[in-house]
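J.: With the input below, show me the fold.
(2 chains)
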Amino acid sequence: MSDKPAAKASERKTEFKTTVDGFSVKRVYTQDDIKDVKPEDIGVPGEYPFTRHVMRTGYRGRLWTMRQYAGFGTVEETNQRYKYLYKQGQTGFSVAFHLPTQEGYDSDHPLAAGEVGKCGVAVDSLDDMERLWAGLPMGEISTSMTINATASILLAMYIAAAEKQGADVSKLQGTVQNDILKEYIARNTYIFGPQPSMRLVTDVCAYCANNLPEWNSISISAYHMREAGATAAQEVGFVMADGIAYVNAMIKRGMAVDSFAPRFSFFFAANNNLIEEVAKFRAARRLWAKIVKQRFGSDNPRSQMLRFHVQTDGFTLTAQQPLNNVVRVTLQALAAVLGGCQSLHTNSYDEALALPTEDAVQMALRTQQIIAYESGVADTVDPLGGSYYLEKLTSEIEKKAEYYIAEVDKMGGALKAIEAGYIQQEIATSAYDYQNAVDSGEQVVVGVNKFTVKEDTDKELMEIGQEMERKQVAGLGKLKAERDNQRVRVTLKRVQDVAKGSDNVMPVLIEAVKAYATVGEISDTFREVFKEYRQPNIL
Amino acid sequence: MNKTRVLIAKPGLDGHDRGAKVVAKGLRDAGMEVIYLGLRLTPEQIADAAIQEDVDVVGIDCLSGAHMTLFPKTVQAIRDKGGKDILIVAGGIIPDKDRPALKQAGIAEIFGPGTSIDVIAAFIKEHVTKK
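T.: Numbers count the residues shown, from 1 in each chain, chains lettered A, B, ... in the order given. The predicted model follows:
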């Protein structure tokens, strides 16, 4: 079959593409398009290269974890939201920390002014962490923490709080994001330079491998790159490059790939182009399996399985006609499920305007439940597998991602490519192309550049008051006055000594947080040893 | 006539810089001279750069919800350091109800999600005070 130019005149566009900088889409796909795809590359679920799913039974065994990212205001408010979500049928927890916690400042730091409790929950000390989980059994739940530069400190607090609850620490389940590389690329909450940061990342991974066998020690994140503008293929290519850098760093510490890789997990976005997104997840699974097996010589299938969390893409939410976002989120969540995610967060329709209200969060969770229990797509594994178009796109994404991996390899790996600004620039270019396509109308965004209406601006939004900041700062002052400050000094000195050397920082961090040393104090101790870092501005 | 000089910067701890970068590139393509100062800056750092670079316009943005603290402080710092005529515009996730107070504080216009670059460029051209 061929696309004759004459026939094209009857079509809506001269060229159809998955996304602005994405792949060309043909009128129809046939057997011919997948003749180069090896049957064993598609394979069967539960077997290498896991293109179709990591588990043989897919969701027939166990559904994905419904895990809503939440955190705002004080630990009490967030604890209440967690209990609400639990009651509504959420099956995992996901903590959003406010920016001061993520960037190593206490709530009373001048740079924290105005940020306290705003885009996450304020956690300054173990005291906050303990109260965050009051009434929730840490030994039984599964918790994901979006924390990177200060991941080691917050994981230490989580462990200490669980111990205090009487949980068996060796059975804790969850994930710590702990992915510093994408912070330099896209998310920007790094504190230290790449070298000391990688040491902290691998300290956490090594500690988890030895002490928390059921904990995912890293969530290698493509999500934030997509949010920053990356295409689907860039998302896969660059996250694999980061993954390779982490595996190399662990091997350099003297660890065998199969001793830690089973607890490496990934995090992707789900954007709007349904089939491209499904193909993306499948391509990523196949690529990672091949990388871990062929490049690193793993012979444990569990190391080769790419297990991943998905969040529907926040950037695609529109402030205009916000109810339309319910539909976008549904399609994106469907892509994640058709793509075989292990865990999923669905955004709330009001998130382009503010933090979500309780009603909006409930609807987001219901979206997952409707997909799980009513749509039927969870009843067979990889239901779209074998579609000519899907298999072709899966291969195309894999090839394009391999190109990016090769480019990064040529530069000497992800760290070097980030230092050279290559990954940031590629993503910024895609973001700019997208904006131009939206501005010109080539890319339709319903309610924004087409089908617009004049809107009433009086919407009910969630708000975090200034009172919260005063309360948090007062509580922190009280803690600092009442704790055993001699013990704080002694443990912080130990943190400093270990940071200067090469031992794993986790054990001394656990001591320090148990003495109620704060996130800011421990981060300052690290700052003295590791020095703060600022990367050049890349446009 | 000299090119309009624009400083784009992000005050506070917010790490979302997609919008700021796209606007910086877009205004550059619209013929303006753009200095992109980056993110995680204090109001004082932004004000110092605005004065030093002798800009006509400062564009700030914030998606973390800290705008009610950071935007007025940034305007104040720019004015205090002598940037009396600098046009200050803002972007980010700013609820409608916060807009009157921010405009009162000296933000000339606030561009929310979905704004096209043309709209921002046109506003700047119309309102900038050329030295």
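J.: contacts and neighbour counts: CA atoms only from here.
T.: OK.
J.: which regions of chain B lie under the pLDDT threshold?
T.: For chain B, the stretches flagged by pLDDT under 70 are B:1, B:130-131.
J.: top helix in it by residue count?
T.: Using DSSP state H to define each element, chain B has its longest helix at helix B:67-80.
J.: so where's chain A uncertain?
T.: A:1-9, A:457-458.
J.: for it, what spans make up the strands?
T.: Ranges of strands within chain A are A:65-70, A:92-96, A:142-146, A:173-176, A:215-216, A:218-221, A:264-270, A:308-312, A:343-345, based on DSSP state E.
J.: do chain B as well
T.: Under DSSP E, chain B gives strands at B:5-11, B:33-41, B:57-62, B:87-92, B:109-111.
J.: mind checking which of those strands is nearest A:Val508?
T.: Across the strands of chain B, A:Val508 has its closest neighbour in strand B:33-41 (29.7 Å, C-alpha to C-alpha).
J.: For that closest one, name the packing helices and strands.
T.: strand B:5-11, helix B:18-29 (3 or more C-alpha pairs under 8 Å, 6 or more residues apart in numbering or on different chains; DSSP states H and E).
J.: Which residues are in contact with A:Met269?
T.: One correction, residue A:269 is Ala, not Met. By C-alpha atoms under 8 Å, 6 or more residues apart in numbering or on different chains, A:Ala269 lies in contact with A:Ala222, A:Tyr223, A:His224, A:Arg226, A:Glu227, A:Val310, A:Gln311, A:Thr312, A:Asp313.
J.: Please report the distance of the third one from chain B.
T.: The reference is to A:His224. A:His224 sits 9 Å away from chain B, going by C-alpha to the nearest C-alpha, to the nearest Å.
J.: Touching stretch A:115-123 from outside, list them.
T.: A:70-75, A:78, A:95-101, A:107, A:128-129, A:355, A:464, A:468-469, A:472, A:519, B:12-13, B:64-66.
J.: Please read the previous query as pertaining to stretch A:276-285.
T.: Contacts of stretch A:276-285 (C-alpha under 8 Å, 6+ apart): A:18, A:49-53, A:232-233, A:236, A:270-271, A:305-307, A:335-336, A:338-341, A:390-391, A:393-395, A:397-398.
J.: for stretch B:13-33, same thing?
T.: With C-alpha under 8 Å, 6+ apart as the criterion, stretch B:13-33 contacts A:99-100, A:103, A:111-112, A:115, A:186-189, A:227-229, A:428, A:431-432, A:435, A:539, B:3-6, B:8-10, B:34-36, B:38-41, B:60-64, B:92, B:117, B:121.
J.: I'd like the distance between the residue nearest in space to the middle of chain B and B:Leu13.
T.: Using C-alpha atoms, centre = their mean, the residue of chain B that lies closest to the mean C-alpha position is B:Gly59, 1.3 Å off. According to C-alpha to C-alpha, to the nearest Å, B:Gly59 and B:Leu13 sit 16 Å apart.
J.: A:Lys17: neighbour count?
T.: Residues lying near A:Lys17 (other C-alpha atoms under 10 Å in any protein chain shown) number 13.
J.: picking that back up, contacting residues around the residue nearest to the centre of chain B?
T.: B:Val6, B:Leu7, B:Ile8, B:Ala9, B:Ile88, B:Val89, B:Ala90, B:Gly91.
J.: next one: A:Ser221
T.: A:Gln177, A:Asp179, A:Lys182, A:Val239, A:Phe266, A:Phe267, A:Phe268.
J.: The same query, at a cut-off of 6 Å, please.
T.: Neighbouring residues of A:Ser221 by C-alpha atoms under 6 Å, 6 or more residues apart in numbering or on different chains: A:Phe266, A:Phe267.
J.: cool, and A:Glu442?
T.: Counting by C-alpha under 6 Å, 6+ apart, A:Glu442 has no contacts.
J.: any idea how far B:Pro11 is from A:Tyr533?
T.: For A:Tyr533, the distance to B:Pro11 - C-alpha to C-alpha - is 17 Å.
J.: Compare neighbour counts for these two and give me the winner.
T.: Remark: of A:Tyr533 and B:Pro11, B:Pro11 carries more neighbours, 25 against 12, as counted by other C-alpha under 10 Å.
J.: partners of that one in the sheet?
T.: B:Pro11 forms beta bridges with B:Leu41, as assigned by DSSP bridges.
J.: Verify the stated contact: it with B:Leu41.
T.: Yes: counting by C-alpha atoms under 6 Å, B:Pro11 does reach B:Leu41; the two are 4.6 Å apart.
J.: where does the stretch 151-300 of chain A come near chain B, residue by residue?
T.: Contact residues, the stretch 151-300 of chain A versus chain B (C-alpha under 6 Å from any C-alpha of the partner chain): A:Arg187, A:Asn188, A:Ala228.
J.: can you put those in JSON lines and add neighbour count?
T.: Below are these laid out as JSON lines (neighbours: other C-alpha atoms under 10 Å in any protein chain shown):
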{"residue": "A:Arg187", "neighbour count": "22"}
{"residue": "A:Asn188", "neighbour count": "23"}
{"residue": "A:Ala228", "neighbour count": "22"}
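J.: Burial check on residue 85, number of neighbours?
T.: If you meant another chain, say so; for now it's chain A. 22.
J.: not what I meant, chain B
T.: Counted with other C-alpha under 10 Å, B:Asp85 comes out at 15.
J.: show me what contacts it?
T.: Per C-alpha under 6 Å, 6+ apart, neighbours of B:Asp85: none.
J.: Then A:Leu390?
T.: So A:Leu390 contacts A:Ala279 (C-alpha under 6 Å, 6+ apart).
J.: now it: how far from B:Ile8?
T.: Distance from A:Leu390 to B:Ile8, by C-alpha to C-alpha: 41 Å.
J.: and if you look at B:Ala30?
T.: 15 Å.
J.: When these two are compared, which one has more neighbours?
T.: B:Ile8 (24 against 13).
J.: Among the contacts of stretch A:115-123, name the ones in helices.
T.: Counting by DSSP H, the contacts of stretch A:115-123 contribute A:Val75, A:Thr78, A:Leu99, A:Pro100, A:Thr101, A:Asp128, A:Met129, A:Met468, A:Glu469, A:Gln472, A:Val519 to helices.
J.: could I get these as a markdown table with distance to chain B and neighbour count?
T.: Formatted as a markdown table, the ones in helices among the contacts of stretch A:115-123 follow (distance: C-alpha to the nearest C-alpha, whole Å; neighbours: other C-alpha atoms under 10 Å in any protein chain shown):
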| residue | distance to chain B | neighbour count |
| --- | --- | --- |
| A:Val75 | 18 | 25 |
| A:Thr78 | 17 | 23 |
| A:Leu99 | 6 | 28 |
| A:Pro100 | 7 | 31 |
| A:Thr101 | 10 | 30 |
| A:Asp128 | 21 | 23 |
| A:Met129 | 22 | 20 |
| A:Met468 | 13 | 16 |
| A:Glu469 | 11 | 23 |
| A:Gln472 | 16 | 23 |
| A:Val519 | 16 | 26 |
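J.: about what we covered before: and the buried ones among the contacts of stretch B:13-33, selectable in PyMOL?
T.: Per 16 or more other C-alpha atoms under 10 Å in any protein chain shown, the buried members of the contacts of stretch B:13-33 correspond to this PyMOL selection:
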select buried, (chain A and resi 99+100+103+111+112+115+186+187+188+189+227+228+229+428+431+432+435+539) or (chain B and resi 4+5+6+8+9+10+34+35+36+38+39+40+41+60+61+62+63+64+92+117+121)
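J.: and A:Ser259, how many neighbours does it have?
T.: Counted with other C-alpha under 10 Å, A:Ser259 comes out at 16.
J.: For it, which non-adjacent residue is spatially closest?
T.: A:Ala209 (6.8 Å; C-alpha to C-alpha, 6 or more residues apart in numbering or on different chains).
J.: again with A:Thr202
T.: The shortest distance from A:Thr202 to any non-neighbouring residue, by C-alpha to C-alpha, 6+ apart, is to A:Met250 (6.2 Å).
J.: Can you tell me how far A:Leu323 is from chain B?
T.: Taking C-alpha to the nearest C-alpha, one finds A:Leu323 at 15 Å from chain B.
J.: I'd like to know how many residues surround that residue.
T.: A:Leu323 has 15 neighbouring residues, counting by other C-alpha under 10 Å.
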